[in-house]
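Student: Predicted coordinates and the sequence they were generated for:
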Amino acid sequence: MKPYLRQGERVLVNKLAYLIARPEVGDVVLYDPPEIKTDIGQLYVVDRKNGFERVVAGPGQTYSRRDGVYYLDGQPAEPRGQPVGDDQIWWDFELTAPPGHYIVLFTYTGKSYTPLVGMVKAPRLDETIYRGWHEVCIIPEEDIFGRAMFVYNPSWSRRILC
């Protein structure tokens with residue numbers, strides 16, 4: 001989620017937040033993303049354990065991108081409802097969250113596992129090489145662990161996350 005969150009920052013996550021409320025559009029959540037695969041000459045399996053992304057749509061809502069503009073249920077998305085770090089997403093799409101699911105736009109690749117080599121740097125996110133991108137953006141509610149509240153370390157980087 002660069003530049004919103006940077007490597008090495010420590011984030012306080014409220015894991016009780018969603019016991020009494022549901023995630024909302026704009027919340028930055030800690031979640032368990034599903035496995036995603038890509039094939040560009042060899043198979044890469046990106047299976048991140050826990051990640052941060054912004055919720056851009058809730059159950060029953062449709063989120064789309066057309067001509068570089070993001071839409072929530074056909075209306076231009078508010079800034080709070082737009083993905084962070086979306087510079088890797090350049091194609092148009094439309095996603096609808098079924099009941100009990102939320103939409104987060106999977107943008108991070110980072111380290112991946114490839115059967116022949118082990119842990120390696122994954123290639124940049126690109127719809128043409130990632131199989132199942134649409135599916136990994138729709139997250140079941142039970143895979144959302146908590147809400148990111150603020151960055152507490154390093155001290156010069158402290159800030160509230162909205």
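Tutor: The structure has been received and is ready for your questions. Keep in mind that what you see is a predicted model, and the values were worked out from it rather than measured.

Student: Next one, pLDDT for Met119 please.
Tutor: You'll see Met119 listed with a pLDDT of 59.

Student: Ok, Leu12 next?
Tutor: Note for Leu12: predicted pLDDT of 87.

Student: Which of the three states applies to Gly60?
Tutor: coil (DSSP: H, G, I helix; E, B strand; the rest coil).

Student: ok, now which ones touch it?
Tutor: 96-99 (C-beta atoms under 8 Å, 6 or more residues apart in numbering). Where you see a C-beta, it was placed from the backbone N, CA and C, and this is true even at glycine.

Student: can you put these in TSV and add pLDDT?
Tutor: Formatted as TSV, those follow (pLDDT from 0 to 100):
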residue	pLDDT
Thr96	96
Ala97	96
Pro98	96
Pro99	97
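
Student: Quick one: buried ones out of those residues?
Tutor: Neighbour-count burial (16 or more other C-beta atoms under 10 Å) applied to the contacts of Gly60 gives Ala97.

Student: Any chance of a markdown table for the contacts of Gly60, columns distance to Asn14 and secondary structure?
Tutor: Shown next, in a markdown table, are the contacts of Gly60 (distance: C-beta to C-beta, whole Å; DSSP: H, G, I helix; E, B strand; the rest coil):
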| residue | distance to Asn14 | secondary structure |
| --- | --- | --- |
| Thr96 | 28 | strand |
| Ala97 | 22 | coil |
| Pro98 | 26 | coil |
| Pro99 | 24 | coil |
